[in-house]
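Based on what follows, work out the 3D shape:
(chains A and B)
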2 protein chains.
Amino acid sequence: MPDILHKVGIKSSSLNDVYRALTAVEGLSAWWTNNTQGESKVGGVLQFRFAAGGFDMKVLELHPAERVLWQVVDGPEEWIGTKINFNLKQEGDWTIVLFKHQGWKEPVEFMHHCGTKWGIFLLSLKSLIETGKGASWPNEIKLDRWE
Amino acid sequence: MPDILHKVGIKSSSLNDVYRALTAVEGLSAWWTNNTQGESKVGGVLQFRFAAGGFDMKVLELHPAERVLWQVVDGPEEWIGTKINFNLKQEGDWTIVLFKHQGWKEPVEFMHHCGTKWGIFLLSLKSLIETGKGASWPNEIKLDRWE
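Purely as a prediction, here's the structure:
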């Protein structure tokens, strides 16, 4: 099954800062969507909302400064059951985020779209940590007339 | 084998403008790398260079306003033999670029890196067409200390 893969290096000497941005509702609101709610604890569910709907993610794993794993429990049909992994490591002055959205059944056009959008939002995460300002929805780069 | 997939919508009513940016050396220089040389014709080879090396692409297919297909003939080991597809279509005021870099043997960390970098450069292509100004190498967003 095809996966969406990304790697983003963030100029930061603090794995914890990046980890917090991936786990605190306030952090997620600043780089992914400003309409983020829910409980960021193992077994909890996070709700991410955009103009045309959104995703509910069950938090499967939280390893501070190291790894976050979610599973999609509600949202577009193609996303349900897929898993989203963030793995963190420090390389010199850079915090490296290895990202994987795994479990897609088919490489449909929507998967192409989501591959690019994840990149846009991960660059928003990078900007949030490096400059203090992310570009979460509704302020991110738009890719088509439906957004 | 895993692929890198992207979809970028560009506010443009001209498929030809986008096709030209994917085929003319001047266009490629403006959104991918300013060190682009070679012959953009079927059977020709394009050379794309960056700080630490680059890629030679053989042009396999050119369908005006529709499709560009390259195959990597020299570059990093993981890239050799892989194919890069750009498929174009018009949806209202948007030109849609469906991108696929196919033929990776393994989902190595370098593939994560290239997935994000392709996104960054495709957003540079979008900016080039929409604003007249791309961010080709060496002016694109950097993802780690090696760049």
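
Any stretches of chain A with poor pLDDT?
A:1 (pLDDT under 70).

what does it put close to chain B?
Residues of chain A lying close to chain B (CB under 8 Å from any CB of the partner chain) are A:2-9, A:91-94, A:96, A:98-100, A:107, A:109, A:111-113, A:115-116, A:119-120, A:122-123, A:126, A:141-145. For the C-beta atoms, the positions are set from N, CA and C on the backbone; glycine is no exception.

Show me just the buried residues among those.
The neighbour count (16 or more other CB atoms under 10 Å in any protein chain shown) marks A:2-9, A:94, A:96, A:98-100, A:107, A:111-113, A:115-116, A:119-120, A:122-123, A:126, A:141-143 as buried among the residues of chain A next to chain B.

any idea how far the longest helix along chain A is from the chain center?
For chain A, the longest helix by residue count, based on DSSP state H, is helix A:109-131. From the chain centre to the centre of helix A:109-131 is a distance of 8 Å (CA atoms, centre = their mean, to the nearest Å).

ok, now how distant is residue A:109 from residue B:87?
Separation of residue A:109 from residue B:87 (CB to CB, to the nearest Å): 10 Å.

Pull the contacting residues for the residue sitting furthest away from the middle of chain A.
Here chain A has its C-alpha centre computed as a mean, and the residue farthest from that point, by CA atoms, centre = their mean, is residue A:92 with 23.4 Å. Residues in contact with residue A:92 (CB atoms under 8 Å, 6 or more residues apart in numbering or on different chains) are residue B:145.

Any chance of the backbone angles for residue A:53?
When quoted as degrees, to the nearest 10, the phi and psi of residue A:53 stand at phi 130, psi -150.

Wait, it touches residue A:75, no?
Yes: with the criterion set as CB atoms under 8 Å, residue A:53 and residue A:75 qualify as a contacting pair; they are 6.9 Å apart.

What's opposite residue A:83 in the beta bridge?
Beta-bridge partners for residue A:83, by DSSP bridges, are residue A:71, residue A:102.

Number of residues surrounding it?
Under the neighbour criterion other CB atoms under 10 Å in any protein chain shown, residue A:83 is assigned a count of 17.

wouldn't it be in contact with residue A:104 here?
No: assessed by CB under 8 Å, residue A:83 is found out of contact with residue A:104, at 10.3 Å.

Can you tell me the SS state at the residue nearest to residue A:144 when sequence neighbours are not counted?
Residue nearest to residue A:144 in three dimensions, not counting chain neighbours: residue B:9, with 3.7 Å by CB to CB, 6 or more residues apart in numbering or on different chains. Recorded secondary structure, residue B:9: strand (DSSP: H, G, I helix; E, B strand; the rest coil).

now swap in residue A:13 and tell me
Classified using three-state DSSP, residue A:13 is coil.

That one reaches residue A:93, doesn't it?
Yes: look at residue A:13 against residue A:93 with CB under 8 Å: they come within range, at 6.0 Å.

distance of the residue farthest from the centre of chain A from residue A:11?
To residue A:11, residue A:92 is 10 Å away according to CB to CB.

Could you do residue A:21 as well?
Counting by CB to CB, the gap between residue A:21 and residue A:11 amounts to 14 Å.

so what's in contact with the two at the same time?
Shared contacts of residue A:21 and residue A:11, defined by CB under 8 Å, 6+ apart, are found at residue A:129.

what about the nearest residue to residue A:65 once chain neighbours are set aside, neighbour count?
Taking CB to CB, 6+ apart as the measure, residue A:65 lies nearest to residue A:15, with 4.0 Å between them; neighbours along the chain are not counted. The criterion is other CB under 10 Å. On that basis, residue A:15 has 18 neighbouring residues.

likewise residue A:147?
Residues within reach of residue A:147, counting by other CB under 10 Å, total 15.

so what's the residue nearest to residue A:144 up against?
Counted by CB under 8 Å, 6+ apart, residue B:9 has contacts A:142-145, B:91, B:94-97, B:126.
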